[in-house]
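Student: Let's see this in three dimensions:
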Amino acid sequence: MSRWFCLLLLACANASFAAPTNSTADDMERILAERGLISQLQDVRHDMADRTTELVSTAMGFIGVPYRRGGNSAETGFDCSGFVRSIFEQVKGLALPRVAKEQAAATEVIDKKDLRPGDLVFFNTMRRAFSHVGIYLGDGKFIHAPRSGASVRVEDMSISYWTKRFNGARRVTDEEAQDDISKLIQAK
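Tutor: Residues are numbered from 1 along each chain as shown. Predicted structure coming up:
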């Protein structure tokens, strides 16, 4: 099943069904209701939101862990991509690539305006694209392992340094959630 269809179903599950705006919305609502999918899709959406909240709170629990080049654990320290990889592995069981550039290549491109907590933000901090990564927290803030001599911390993306170096935003596609949606639809 295509990702776009899954996203449409999630959007429908999230929408207010009290006042559909056109016959297409009426048809979609009727089909989803007849198949008993509305509440099931809402459950999947809430589960995804819970995991995002867990991802952000887990990341925040590592504030103060020192930076270490090549580091990928709280015991030894983190570099930026090691931090991101560790958080996603702990919370979602997803093994992201080890370096920031590869993490960017392996994730879904999104517009900056579409950022949601748990998305990845990339920066050019070493005169090359996608040389730094952090986890978006919301309200223009992100958490990351910045550099030698520093520790995991939260920063504001709107400050000049980060604004000038912003390379893009990415979303880690949660294949498990997509599989859940596919199974729901196939079961009906």
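Student: quick one: contacts for the nearest residue to Val133 once chain neighbours are set aside?
Tutor: Closest residue to Val133 apart from its sequence neighbours, by CB to CB, 6 or more residues apart in numbering: Ala100 at 4.1 Å. Placement of C-beta: from N, CA and C, glycine included. Neighbouring residues of Ala100 by CB atoms under 8 Å, 6 or more residues apart in numbering: Cys80, Ser81, Val84, Phe122, Phe130, Ser131, His132, Val133.
Student: what helix or strand is the fourth one on?
Tutor: Element membership for Phe122, per DSSP states H and E: strand 120-123.
Student: hang on, the earlier thing: would you point out the most distant pair within the contacts of Ala100?
Tutor: Val84 and Ser131 (13.2 Å; CB to CB).
Student: Looking at those two, which is more packed in?
Tutor: Higher neighbour count among Val84 and Ser131: Val84, with 27 against 19, using other CB atoms under 10 Å.
Student: Kindly confirm my reading that the more buried one is in a strand.
Tutor: No. If the criterion is DSSP: H, G, I helix; E, B strand; the rest coil, then Val84 is helix and not within a strand.
Student: Is it correct that it is in contact with Ala95?
Tutor: No. Contact criterion CB atoms under 8 Å: Val84 and Ala95 do not qualify, at 11.7 Å.
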